[in-house]
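**Q** Provided below for reference: sequence and predicted model.
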Amino acid sequence: MELIPAIDIRGGRCVRLLQGDFQRELSYPHQPKQVALSFQEAGAPRLHVVDLDGAREGRPVNMAVIVGILEAVKVPVQVGGGLRDMASIARYLEMGADRCVLGTAALENEALLRESLAAFPGRIAVALDVREGRPQARGWLQGHHMSALQVVERLVALGVRHIIYTDIGVDGTLSHPRLAEVEGALRHVRSLGEEVTFIYSGGIASIEDLLALARLGVDGAIVGRALYEGLLDLPTALRALAGA
């Protein structure tokens, strides 16, 4: 299982939101590029970078900061937040992003999702930010009419092969993943008969959380606050996963 450090950017700074709430922000005194380099030096196999301002405004806002990260690091980087047109997706991929992560666009604009999957095979991931069983869109401000599992079925049928599943209820809280929910979502994805990378995010606070997710068969785990606040040491966690 890949351990993927998160770099969430708002106003050019590294932040974490508690349960997806823009009014409950934790800010860290680190420059995003330096954080990215430190994660790379510690052995991170991949980085997850999100433009939170972009997610809320519907367009890339912190592109200059994110491009600076892409230029500085050598590990693969997946980028999301406000990617709702082909030009923005193409720009990030051209600048070195390994994958672009679509959220609201994947839920609301099937034509764009189809076009991006066809134009950039293997390089499009979809973020499902789930609250009480339903995906949220527009920076976690708007719920979707379909259940998360129904949306998963639709996405896989359209050709999505990388899904990032975030449990908003525990995201940023360090209160541990709700493993039964993760297991149910993962089982549903696997039942669809396609090879889909399933990446989980939300509430991870310890090496034990990571090992539990690995035992479920999760392909990747995104970790933010636990790394920033020293609850998880990245090299130690990577060694634990390698030995599991």
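**A** The structure has been received and is ready for your questions.

**Q** Next SSE downstream of the top helix by length along the chain?
**A** When the chain is parsed with DSSP state H, its longest helix is helix 179-191. Where DSSP states H and E defines the elements, the next helix or strand beyond helix 179-191 is strand 197-201.

**Q** mean confidence for the helix or strand just after that following strand?
**A** Downstream of strand 197-201, the first helix or strand assigned by DSSP H and E is helix 207-216. For helix 207-216, mean pLDDT is 98.

**Q** buried sites along helix 207-216?
**A** 207, 209, 210, 211, 212, 213, 214, 216 (16 or more other CB atoms under 10 Å). For glycine as for every other residue, the C-beta is placed from the backbone atoms N, C-alpha and C.

**Q** what's the next secondary structure element after it?
**A** Following helix 207-216 in sequence, per DSSP H and E, is strand 220-223.

**Q** Can I get whatever helix or strand comes next after that following strand in PDB? Just the C-alpha atoms.
**A** Downstream of strand 220-223, the first helix or strand assigned by DSSP H and E is helix 225-228. The C-alpha coordinates for helix 225-228 follow below in PDB (Å, rounded to 0.1, in the frame of the first residue of the first chain):
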ATOM      1  CA  ARG A 225      -2.500  16.200   9.800                       C
ATOM      2  CA  ALA A 226      -0.800  13.200  11.500                       C
ATOM      3  CA  LEU A 227       2.400  13.900   9.600                       C
ATOM      4  CA  TYR A 228       2.300  17.700  10.100                       C
END
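
**Q** what's helix 225-228 in contact with?
**A** For helix 225-228, contacts defined as CB atoms under 8 Å, 6 or more residues apart in numbering pick out 5, 14, 16, 26, 28, 30, 39, 172, 174, 204-206, 231-232, 234.

**Q** Which stretches in this structure count as strands?
**A** 2-10, 13-18, 21-28, 47-51, 77-80, 99-102, 124-131, 134-137, 142-143, 162-167, 197-201, 220-223 (DSSP state E).
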